[in-house]
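Novice: make a model of this:
(one chain, ligands or ions: 1)
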Amino acid sequence: MNTELLEKIQNLKKKRNAVILAHNYQSGEIQDLADFTGDSLGLSIEASRTDAEVIVFCGVLFMAETAAILSPEKTVLLPDKYAGCPLADMITADQLYQLKLKHPDATVICYVNSSAEVKAASDYCCTSSNAVEVVNSVPPDKEIIFVPDQHLGRHVIENTGRKLIIWPGYCKTHAMITARDITKAKEEYPDAVVMVHPECNESVKAIADRILSTGQMLKFAEKNSAKHFIVGTESGIIHTLKKKNPNARFIPAGDKAICPNMKKITLEKVLWSLEDMQYKVTVPAEVAAKAKTAIDRMVEILPSK
Ligand code: SF4
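Specialist: Here you go, the predicted model:
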């Protein structure tokens, strides 16, 4: 059944001159189908470089919007129009403008997990892999507003020593990972290296060996000789970690870190997306032009790890 479905997708992909990009949190079958898998930064770079006319974005809305802003001449498709990000929805552009009124001289940095309108109201955009470097690129005497993820914000404070005005947003999926999950997994695998995402809460990060974005986790695991890794992020990444490191064992920190929005994308929806050229993601030109300045800075400032 899947073979037939996969064949149809491949044929249509050729016909439409399309490329399929998938985030590390997608299901294993979507990641296997994709031409490129990665974290938000890697996918943004790929979206800006591809020669394809159509980008099928297997991820959530803000990622497809970012691709549309970077490649306005391309058609960007999101296979499920309801695949959003609750974290990105935790701040609106109006709320950000209100905050800016209170801190008129502040530089605004938004996490890529934000709407195009919020990016348009920001000076810089960042991902979890380069948030520290982006903050460090701002002159030290400048006040900084950091939105919308409070946990990534605190991670940046810890690693830069800068004072940030942080918005109280958070990822509902990473909030499901608790320090108890980590200690329980550690009891079973005492030799395991614990790597967690900066979107995890502070009690989880305090007992981790490494705080890494998904792209950094993949690189770290490949270079590390450990046999066991406890992974504190959305469970989709386990698929690629296992594929790339068949001799190591990857243990999810608990069984609840599954993002329902990421998992809305299925093989059938990818096929329908290519058949019907749906759902086209576009960003109004004025918003896109402002947001692009912030996104270009994100793509230019590379992570040090
Ligand atoms: S894992 Fe969290 S941050 Fe990522 S898309 Fe899902 S809700 Fe948003």
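Novice: for the ligand, what's the nearest residue on the stretch 201-305 of the chain?
Specialist: When you check the stretch 201-305 of the chain against the ligand by Cβ to the nearest ligand atom, the closest residue turns out to be Cys259, at 3.3 Å. Heads up, the C-betas are built off the backbone N, CA and C, glycines and all.
Novice: my guess is Gly28 contacts His239. True?
Specialist: Yes: taking Cβ atoms under 8 Å as the contact criterion, Gly28 and His239 are neighbours in contact, 3.8 Å apart.
Novice: the residue of the stretch 201-305 of the chain closest to the ligand: what's it in contact with?
Specialist: Counting by Cβ atoms under 8 Å, 6 or more residues apart in numbering, Cys259 makes contact with Tyr25, Thr173, Glu234, Gly236.
Novice: looking at these, which has the most residues close by?
Specialist: Going through the contacts of Cys259 with other Cβ atoms under 10 Å as the criterion, the one with the most neighbours is Tyr25, at 27 neighbours.
Novice: helix or strand: which one has that residue?
Specialist: Here Tyr25 is covered by no helix or strand, with elements defined by DSSP states H and E.
Novice: in the stretch 201-305 of the chain, which spans are strands?
Specialist: Assigned by DSSP state E, counting those that start in this stretch, the stretch 201-305 of the chain shows strands spanning 210-211, 228-232, 249-252.
Novice: as CSV, those strands with mean pLDDT and distance to the ligand would be great.
Specialist: What follows is the strands of the stretch 201-305 of the chain, written out as CSV (pLDDT from 0 to 100; distance: least, Cβ to the nearest ligand atom, whole Å):
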stretch, mean pLDDT, distance to the ligand
strand 210-211, 97, 16
strand 228-232, 98, 12
strand 249-252, 97, 14
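Novice: columns mean neighbour count on top of those, output as a markdown table?
Specialist: Shown next, in a markdown table, are the strands of the stretch 201-305 of the chain (neighbours: other Cβ atoms under 10 Å):
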| stretch | mean neighbour count |
| --- | --- |
| strand 210-211 | 20 |
| strand 228-232 | 24 |
| strand 249-252 | 17 |
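Novice: kindly identify which of the contacts of Cys259 also come near the ligand.
Specialist: Among the contacts of Cys259, proximity to the ligand is found for Tyr25, Thr173, Glu234 (Cβ under 6 Å from any ligand atom).
Novice: let me know the pLDDT of the first one.
Specialist: The predicted local confidence for Tyr25 comes out at a pLDDT of 96.
Novice: do the last one as well
Specialist: Confidence per residue is given as pLDDT, and for Glu234 that number is 97.
Novice: adding distance to Asp296, write the strands of the stretch 201-305 of the chain out as TSV.
Specialist: Shown next, in TSV, are these (distance: least, Cβ to Cβ, whole Å):
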stretch	distance to Asp296
strand 210-211	26
strand 228-232	31
strand 249-252	34
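Novice: any idea how far the residue in the stretch 1-150 of the chain positioned nearest to the ligand is from Leu70?
Specialist: Nearest residue of the stretch 1-150 of the chain to the ligand: Cys85, at 3.3 Å (Cβ to the nearest ligand atom). Taking Cβ to Cβ, to the nearest Å as the measure, Cys85 falls 18 Å from Leu70.
Novice: can you check Ile265 too?
Specialist: 20 Å.
Novice: then Ile144?
Specialist: For Ile144, the distance to Leu70 equals 24 Å [Cβ to Cβ].
Novice: sec struct for Glu73, please.
Specialist: Assigned by DSSP: H, G, I helix; E, B strand; the rest coil, the conformation of Glu73 is coil.
Novice: could you count how many residues lie near it?
Specialist: Neighbour tally, Glu73, other Cβ under 10 Å: 5.
Novice: and what of Pro139?
Specialist: Other residues lying near Pro139 total 6 when counted by other Cβ under 10 Å.
Novice: mind pulling up the pLDDT for it?
Specialist: Each residue has a pLDDT score; the one for Pro139 is 95.
Novice: do the same with Lys305
Specialist: The model reports Lys305 with a pLDDT of 66.
Novice: ok, now Met1?
Specialist: On the pLDDT scale, Met1 is placed at 57.
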